[in-house]
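Engineer: 3D model of this:
(one chain, ligands or ions: 2)
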Amino acid sequence: MTTAAAKKEIWLDTDPGFDDWFAWALLEADPAVRLHGVSVVAGNAPLPLVLANAQRIHALHGWQTPLWAGAERPLVQKQVTAQDILGSTGLRTSGAALPEAATPLQAGHGVDAMIDSVRAHPGRITLLAIGPLTNVALAFAKAPELPSLLAGLVIMGGSQGAGNTTPVAEFNIYADPEAAAQVFEQAPRVPGGTRMFGLEVCRQVQGGDAHVAALRAASRGPGDRAAVFADHLDGYIGVARRRGRASAPMYDPTPVAWLAHPEWFTLQPARVEVELKGSFTRGMTVCELRVPRRAVANAEVAVAAQGDEVMAWAVEMLRGVL
Ligand code: BDR
Ligand code: CA
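Structural biologist: Ligands and ions are numbered 1, 2, ... in the order given. Sure thing, here's the model as predicted:
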């Protein structure tokens, strides 16, 4: 008798954002994944805007995964968003906009929903965080046993060197450094480990014109799901084009690809600390790779990806469901 392989059980915390949408769509498309729930956090844009994006994305695809609103502001600092780059709603399109139809939110707070779901499935859920870490930090503070009940923690955020929001800070960490510091402090308590996918590895996964064309080819008519998705991928890449680059990093899809195909990635154990005090370096992830010689590791940091394989897989996954 053959038994079906166990599904990967995931909770997604997100701030859509186009690359968040791409990541979410891959999770929904993967038959090997069971997505327990999605919590939305303020990040790329203020909470009402990223929530509206999430509700409209959800409705466009007709997904079943329950959706919650999470934290509206960072733990300590004033809100920062990526609207200066991603546009006022956090989602740019070169053509069709998302239809207005919106999936209703679940009652209650996303942090409580995350806690309830992890408690109900001890040792089974991997928490994938692709926005600022506010919801995750709040959940760990409210339910201190939570890190030990996870199967794993996977974070898109940080960098080993240069930043994308300040010279040294990546957006998701810079948007709530206190939350990130609290989460990395708890990281060693996650039984299956904590993984950080920072700028360096995500920049090895580039989306360009060929990917837009391949997704557009799945369209059966103007304004259908494939066309809307392709227009938003095109809009996202447009930011890079205006800076003289032909392609753009697929930040949030990168850890999703690792969940499906870890063989395409190289990770190294590291000590990750979040700088909270430096007047020039606040929000920086200081990664000590000389472990255990110089420090005790609290995470694994992804350092290399086979980007072409990742993008070919991602486009094929999406073409099947768009
Ligand atoms: C991260 O910041 C956001 O703008 C993206 O969605 C991604 O999660 C990249 O720095
Ligand atoms: Ca994001």
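
Engineer: A helix includes residue 321, no?
Structural biologist: No. Using DSSP: H, G, I helix; E, B strand; the rest coil, the assignment for residue 321 is coil, not a helix.

Engineer: isn't it up against residue 29?
Structural biologist: Yes. Assessed by Cβ atoms under 8 Å, residue 321 is found in contact with residue 29 at 4.4 Å. C-betas here are computed from N, CA, C, even on glycine.

Engineer: just the closest residue of the stretch 101-250 of the chain to ligand 1, please.
Structural biologist: Using Cβ to the nearest ligand atom, the single residue of the stretch 101-250 of the chain nearest to ligand 1 is residue 171, 3.7 Å away.

Engineer: show the pLDDT at that residue.
Structural biologist: As predicted, residue 171 sits at a pLDDT of 98.

Engineer: swap in residue 320?
Structural biologist: Note on residue 320: pLDDT of 88.

Engineer: from residue 192, how far out is it?
Structural biologist: Per Cβ to Cβ, to the nearest Å, residue 320 is found 28 Å from residue 192.

Engineer: same question for residue 215.
Structural biologist: To residue 192, residue 215 is 33 Å away according to Cβ to Cβ.

Engineer: between those two, which one's more packed in?
Structural biologist: Higher neighbour count among residue 215 and residue 192: residue 215, with 24 against 12, using other Cβ atoms under 10 Å.

Engineer: check contacts around that one.
Structural biologist: 226, 229-230, 233, 315, 318-319, 322 (Cβ atoms under 8 Å, 6 or more residues apart in numbering).

Engineer: now, among these, which is nearest to residue 125?
Structural biologist: Set against residue 125, the nearest of the contacts of residue 215 by Cβ to Cβ is residue 318 (24.1 Å).

Engineer: isn't that closest one right up against residue 30?
Structural biologist: No. Counting by Cβ under 8 Å, residue 318 stays clear of residue 30, with 10.6 Å between them.
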